[in-house]
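[1] this is a predicted model, with the sequence first.
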Amino acid sequence: MYYVNQMEEFNLNITSEFIATAAYLLELKSKSLLPMSEKEKKEYEYKRELLIRRIEEYARLKELTEHIANSSNPDQYPVKIPYVFPKVDEKKLVKIVKAAIQEVEVKQKVYVIKKENYSLERIMAEIEEIYDNVSLYEILRNSNSRYEIIVKFLAVLELIRFERYTIDDDMVLRRVVKEDVATAR
């Protein structure tokens, strides 16, 4: 009972992210202490650089949020989006993401602390490999966690931004044929 009561007090999402980050740091440290082949060195350097970039990005974001919070007029910092996505019904989009999240929550009755290893690039490649035309809901509903839904949603947005897919009013993704790209410009 003590353990269950303690779990109710903790935010398990934050705790699991902390544990995953700590495990990642331990993995990097252990690899740095062991002899490595050239391939392993390249992989280690890539992971190390990725970690450094994430830490630097976090520091910049933290500094910016503190600057905005301490400024006298926080409205003077508008959010700028460099790319405009095609006009879609935002209500449909929100409804699809919420429905997928609810379906995943039904699947997850028990908290399991594990590192979720999803790569935006890998998910984008999987979507391109599997689907020519597919509804956004179909892609998102086959997820096992909120994190996976978010990564898949970001992958879809990136595919649209790179003009590899388009999305219509019915929230159906369609692969863009090279000829379509040339005529669209």
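    Ah, there it is.
[2] what helix or strand is the residue nearest to residue 120 when sequence neighbours are not counted located in?
    Of all residues not flanking residue 120 in the chain, residue 155 sits nearest, at 5.5 Å (C-beta to C-beta, 6 or more residues apart in numbering). Glycine gets a C-beta too; all of them are placed from N, C-alpha and C. Taking DSSP states H and E as the definition, residue 155 sits inside helix 146-161.
[3] name the helices or strands packed onto that helix?
    Helix 146-161 sits against helix 90-107, helix 120-130, helix 136-141, strand 165-167, strand 172-175, with contacts defined as 3 or more C-beta pairs under 8 Å, 6 or more residues apart in numbering; DSSP states H and E.
[4] which of these has the lowest mean pLDDT?
    Note on the helices and strands packed on helix 146-161: helix 90-107 shows the lowest mean pLDDT, a mean of 80.
[5] that helix: which residues count as buried?
    Buried residues in helix 90-107, counting neighbours by 16 or more other C-beta atoms under 10 Å, are found at 96-97, 100-101, 104.
[6] distance to residue 124 added to those, as TSV?
    Output for the buried residues of helix 90-107, formatted as TSV (distance: C-beta to C-beta, whole Å):
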residue	distance to residue 124
96	19
97	18
100	18
101	21
104	20
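[7] nearest to residue 135 among these?
    The nearest member of the buried residues of helix 90-107 to residue 135, counting by C-beta to C-beta, is residue 96 at 8.1 Å.
[8] tell me how far the closest one lies from residue 162.
    Between residue 96 and residue 162 the distance, using C-beta to C-beta, to the nearest Å, works out to 21 Å.
[9] do residue 99 as well
    For residue 99 relative to residue 162 (C-beta to C-beta), the value is 26 Å.
[10] going by contacts, tell me the helices and strands next to the helix or strand harbouring residue 39.
    Per DSSP H and E: residue 39 is located in helix 38-70. Packed against helix 38-70 by the contact rule (3+ C-beta pairs under 8 Å, 6+ apart) you find helix 12-33.
[11] which positions in the helix it packs on come out as buried?
    16, 24.
[12] where in this structure is pLDDT low?
    Within the chain, the ranges that satisfy pLDDT under 70 run 1, 3-14, 72-86, 107-116, 178-185.
[13] tell me the centre residue of it?
    Central residue of the chain (C-alpha atoms, centre = their mean): residue 151, 3.2 Å from the mean position.
[14] and the spatially closest residue to it that is not a sequence neighbour, which of the three is it?
    With C-beta to C-beta, 6+ apart as the criterion, residue 151 has its nearest non-adjacent residue at 4.3 Å, and that residue is residue 118. Judged by DSSP: H, G, I helix; E, B strand; the rest coil, the three-state class of residue 118 is coil.
[15] the domain parsing of this protein - what is it?
    Using automatic domain parsing, the domain parsing of the chain gives 2-76, 90-184.
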